[in-house]
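**Student:** model this:
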Amino acid sequence: MLIKLLLPSWFLILLVGCERPVYAPDNDKQQMVLVRGGVITLGENALYPEERGRRTVSVESFYMSKTEVTNREFREFVEATGYVTTAEKVPSREDYPNLPESMRVAGAAVFNMPESVTGPVKSMSWWRFLHGAYWAAPRGIGSDLSGLDDYPVIHISYMDAESYAKWKGHRLPTEAEFELAAQGMQAFSQGRYLANTWQGAFPYSDDADDGFSGLAPVAQFPANKYGIYDLLGNVWEWTSSVYYHGHSVDNPLLEASNAGQDETLSDAPVRVVKGGSFLCSQNYCARFRPAARQAQDKGLGTSHIGFRTVKDIN
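**Tutor:** Got it, this is the predicted structure:
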């Protein structure tokens, strides 16, 4: 069933890719492209429960970064401002009263492929909170960004992404803007990989048939009709939208709180992340689709979440 969902005709891919990109003016030229506004129905192509319900949203035209923010770009921000990311700070008891003391250290969540499998893999056992992991030391103490300048920056909290966007004079996209920009995109078609995803039996066998095991540098796969890369796969991306389960217009919480709500992250304010990541596979997480969405703790950096920015036309 998933294969049918993810394999459109090759003609459609060529047709979508033929539109000439319209670049943003001034200092953002060549970095941002125009996404034409329109009406989008969130939940229209739902597959998972959190995608269901329907809500129609009108979106104004906007500029969007062609790629995910890279380590090179984020370093420029840090060097210019002295900014310290969330992963470099010890979580406060005020923000995380129920956090185990073992996790009350500076760090981030890092994916680790199980070395061997002798039986069923325990759910989420491939994640661990790693002391000392942050954007410039993605694998923890002793690691660095050698050779990774053009890779998407990771271990970025929502607040970090928002701070970078404000420094640029930009903002983070809404869920509807992200989904509008990604409409028509597919992760692969007729044997050709169009996004950085996981091939093999997740989480213990990454065959790297798409050419990459783990993260890929930005812009290694075809751009969409606007000239935007990697809206699917590589890293999940932060949006400014508060997360609630599904898209129902009857959800009374949508306007009542700015914290968001997710049953698995009850103590944490959450935002929507979009697009899936290099960890999404057909046998585990088919969330390399425009409609896919998940909740993410605003204050937690991970090794599979990054971001890009948008800019209003006026």
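**Student:** I'd like the average pLDDT over stretch 31-48.
**Tutor:** Mean pLDDT, stretch 31-48: 94.
**Student:** which element is Y63 on?
**Tutor:** Taking DSSP states H and E as the criterion, the element that holds Y63 is strand 62-65.
**Student:** hmm, I typed the wrong one, I wanted N283.
**Tutor:** N283 belongs to no helix or strand, assigned by DSSP H and E.
**Student:** isn't it right up against A201?
**Tutor:** Yes - in terms of Cβ atoms under 8 Å, N283 counts as a neighbour of A201; the distance is 6.0 Å. The C-beta positions use only the backbone N, C-alpha and C, and glycine is treated the same way.
**Student:** what ranges do the strands span in the stretch 201-314 of the chain?
**Tutor:** Per DSSP state E, counting those that start in this stretch, the stretch 201-314 of the chain has strands spanning 236-242, 270-274, 293-297, 305-306, 310-312. These are given in chain order.
**Student:** now the helices for the stretch 1-150 of the chain?
**Tutor:** Remark: helices assigned in the stretch 1-150 of the chain by DSSP state H, counting those that start in this stretch are 2-6, 10-16, 71-81.
**Student:** how far away is V59 from Q294?
**Tutor:** Relative to Q294, V59 is positioned 21 Å away (Cβ to Cβ, to the nearest Å).
**Student:** more neighbours, these two?
**Tutor:** The residue with more neighbours, out of V59 and Q294, is Q294; 22 against 19, by other Cβ atoms under 10 Å.
**Student:** what bridges to the more buried one?
**Tutor:** With DSSP bridges as the criterion, Q294 is bridged to V273.
**Student:** could you do W238 as well?
**Tutor:** Under the criterion DSSP bridges, W238 forms beta bridges with V273.
**Student:** thought it was touching E175?
**Tutor:** No - using Cβ under 8 Å, W238 is not in contact with E175; the gap is 10.4 Å.
**Student:** looking at these two, which one has more neighbours?
**Tutor:** W238 (28 against 22).
**Student:** any idea how far stretch 288-298 is from the chain center?
**Tutor:** Stretch 288-298 has its C-alpha centroid displaced from the chain centroid by 7 Å (Cα atoms, centre = their mean, to the nearest Å).
**Student:** need the distance between the two termini of that stretch.
**Tutor:** One end of stretch 288-298 to the other measures 21 Å (Cα to Cα, to the nearest Å).
**Student:** let me know which of the strands of the stretch 201-314 of the chain is tucked in deepest.
**Tutor:** Ranked by average neighbour count under the criterion mean count of other Cβ atoms under 10 Å, those are headed by strand 305-306 at a mean of 29.
**Student:** ok, that strand: who's next to it in the sheet?
**Tutor:** strand 236-242 (parallel).
**Student:** so how far is the strand it pairs with off the chain centroid?
**Tutor:** 7 Å.
**Student:** what's that strand in contact with?
**Tutor:** Contact with strand 236-242 is made by 68, 156, 158, 161-162, 171-178, 231, 254, 257-260, 270-277, 294, 296, 304-308, as judged by Cβ atoms under 8 Å, 6 or more residues apart in numbering.
**Student:** now those residues: which count as buried?
**Tutor:** Using 16 or more other Cβ atoms under 10 Å as the burial test, these include 68, 156, 158, 161-162, 171-178, 231, 260, 270-277, 294, 296, 304-308 as buried.
**Student:** next, the distance between the ends of stretch 65-77.
**Tutor:** Chord length of stretch 65-77, first to last residue, is 16 Å (Cα to Cα).
**Student:** whoops, stretch 178-187 was the one
**Tutor:** OK, stretch 178-187 end separation, Cα to Cα: 16 Å.
**Student:** mind listing residues that contact that stretch?
**Tutor:** With Cβ under 8 Å, 6+ apart as the test, stretch 178-187 has contacts from 6-8, 12-13, 16, 35, 37-38, 40, 42, 59, 64, 173, 193-195, 197, 224-226, 228, 231-233, 237, 239, 274-276, 280, 288-291.
**Student:** F77 and D149: what is the separation?
**Tutor:** From F77 to D149 the distance is 14 Å (Cβ to Cβ).
**Student:** the two: which has the busier surroundings?
**Tutor:** Applying other Cβ under 10 Å to F77 and D149 shows that F77 carries more neighbours, namely 18 against 12.
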